[in-house]
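Asker: Got a sequence here, can you model it:
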Amino acid sequence: MFQLLISSDELAQHADTAQILDCRAKLGAPDWGPAAFEQGHIAQAHYVNLDTDLSVAPNEHGRHPLPSQQQWLNRVRALGLRNDAQIVVYDDTGGCFAARAWWMLRWLGHANVAVLDGGLQQWSQALQTGRATPPEISNFTLHPALTRLYSSDQVLAAIQQPVATRPRLVDARSHERFAGKEEPIDPVAGHIPGAICMPFNANLDATGKFKTPAALAKQFASISAAHAVVCYCGSGVTATHNILAARIAGLPEPALYADSWSGWITDPDRPYETLDTS
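Answerer: Coordinates of the predicted model:
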């Protein structure tokens, strides 16, 4: 079974038995993904929508708040997913959306879920067009989560701890957004105090695949000795890419601050920092 990544060749060998989810999306364009799916997708795949399946409507928890576990479990059952299945998730953006689905299935206790390395671009077989045939509802059962979550209150408590013992906050956004130099999406620019910037796209090589475990271990070396690692981003999506990369590197699984920056700044009393960009 595959629990982190699966190659296109490996998926081709298991395509008849794997359950496949198409996670393609574009921020700010909720109709783009379903349309792209109908134009061509891996055979037998079902579509999951970032805005309506992998999150709920924006609220005080940010732009892409997690649904409740029960809401997500209901959707997983509606997709016909099974506890005994190898599940494969893919997108066309290096895994940044697929990693969110990977993390959320692990949140339900499902270990055998993997991201298609390199995404749809690596798939050489003919694509299927049109809508997917509605699956039979499954009886997918919730198991203990394989993930960890941090709330805003926990993050606030963490950054008030002594530097030597506090959890390490890792921000997956670009250096420009982290520094507060630019902010094209959220109304406040900057980052959570004490965080370090590790843009998620640095996890990929020139072909759009994840770097080797050794290369990622070197990349994450500065945080591997921390007491705990908490990943965040703009809205809890690309943060999961860093979580997956850390696992590929052989590190313990970091926690996810799902509210992330867009949730953090809904409370004006929460502190934030910018960097001197002059």
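Asker: hey, let's count contacts and neighbours off CA atoms from now on
Answerer: OK.
Asker: Verify the stated contact: P167 with A158.
Answerer: Yes - between P167 and A158 there is a contact under Cα atoms under 8 Å: 6.2 Å.
Asker: which stretches of the stretch 51-200 of the chain form strands?
Answerer: 87-90, 113-116, 168-171, 196-197 (DSSP state E, counting those that start in this stretch).
Asker: I'd like the ones you listed as TSV, with mean pLDDT appended.
Answerer: Listed next are the strands of the stretch 51-200 of the chain as TSV, based on pLDDT from 0 to 100:
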stretch	mean pLDDT
strand 87-90	98
strand 113-116	98
strand 168-171	96
strand 196-197	96
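Asker: could you redo those as TSV and give each row mean neighbour count and distance to P187?
Answerer: Below are the strands of the stretch 51-200 of the chain laid out as TSV (neighbours: other Cα atoms under 10 Å; distance: least, Cα to Cα, whole Å):
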stretch	mean neighbour count	distance to P187
strand 87-90	27	30
strand 113-116	28	32
strand 168-171	26	17
strand 196-197	18	19
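Asker: A246: which of these is closest?
Answerer: For the strands of the stretch 51-200 of the chain, proximity to A246 was assessed by Cα to Cα; strand 168-171 is nearest, at 11.2 Å.
Asker: Can I get that closest one in CSV, CA atoms only?
Answerer: Extracted as CSV, the C-alpha positions of strand 168-171 are listed here (Å, rounded to 0.1, in the frame of the first residue of the first chain):
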residue,chain,number,x,y,z
ARG,A,168,8.3,25.8,15.5
LEU,A,169,5.8,27.5,13.2
VAL,A,170,6.4,26.9,9.5
ASP,A,171,4.7,29.1,6.9
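Asker: what does that strand rub up against?
Answerer: The contact list for strand 168-171 (Cα atoms under 8 Å, 6 or more residues apart in numbering) reads 178, 191, 194-199, 223, 226-233, 239.
Asker: ok so, going back, show me which of P167 and A158 is the more surrounded one.
Answerer: P167 (22 against 19; other Cα atoms under 10 Å).
Asker: ok, now how distant is that one from P252?
Answerer: 13 Å (Cα to Cα, to the nearest Å).
Asker: And for R63?
Answerer: 27 Å.
Asker: So between these two, which is more surrounded?
Answerer: Neighbour totals were compared for R63 and P252, and R63 leads with 23 against 13 (other Cα under 10 Å).
Asker: how close does the more buried one sit to T52?
Answerer: 12 Å.
Asker: same check, this time on Q161
Answerer: From Q161 over to T52 (counting by Cα to Cα), the distance is 36 Å.
Asker: quick one: A195 and L204, what's the gap?
Answerer: Counting by Cα to Cα, the gap from A195 to L204 is 22 Å.
Asker: again with I185
Answerer: Counting by Cα to Cα, the gap from I185 to L204 is 23 Å.
Asker: who has more neighbours, the two?
Answerer: Ranked by neighbour count (other Cα under 10 Å), I185 and L204 place L204 first, with 18 against 13.
Asker: Quick check: bridge partners of that one?
Answerer: Beta-bridge pairing for L204 (DSSP bridges): F210.
Asker: and Q160, what is it in contact with?
Answerer: R166.
Asker: Can you check what pLDDT the model gives D276?
Answerer: Note on D276: pLDDT of 72.
Asker: Look up the closest residue to it, ignoring the ones flanking it.
Answerer: Spatial nearest neighbour of D276, chain neighbours left out: A179 (7.6 Å); criterion: Cα to Cα, 6 or more residues apart in numbering.
Asker: how many other residues sit next to the one you found?
Answerer: 19.
Asker: Could you report the separation of A164 from A228?
Answerer: From A164 over to A228 (counting by Cα to Cα), the distance is 11 Å.
Asker: For D9, pull up the helix or strand it's in.
Answerer: In this structure, D9 is located in helix 8-14 according to DSSP states H and E.
Asker: got the contact list for the residue nearest to D91 when sequence neighbours are not counted?
Answerer: Nearest residue to D91 in three dimensions, chain neighbours excluded: R24, at 4.5 Å (Cα to Cα, 6+ apart). By Cα under 8 Å, 6+ apart, R24 lies in contact with G33, A36, F37, N49, Y90, D91, D92, T93, F97, A98.
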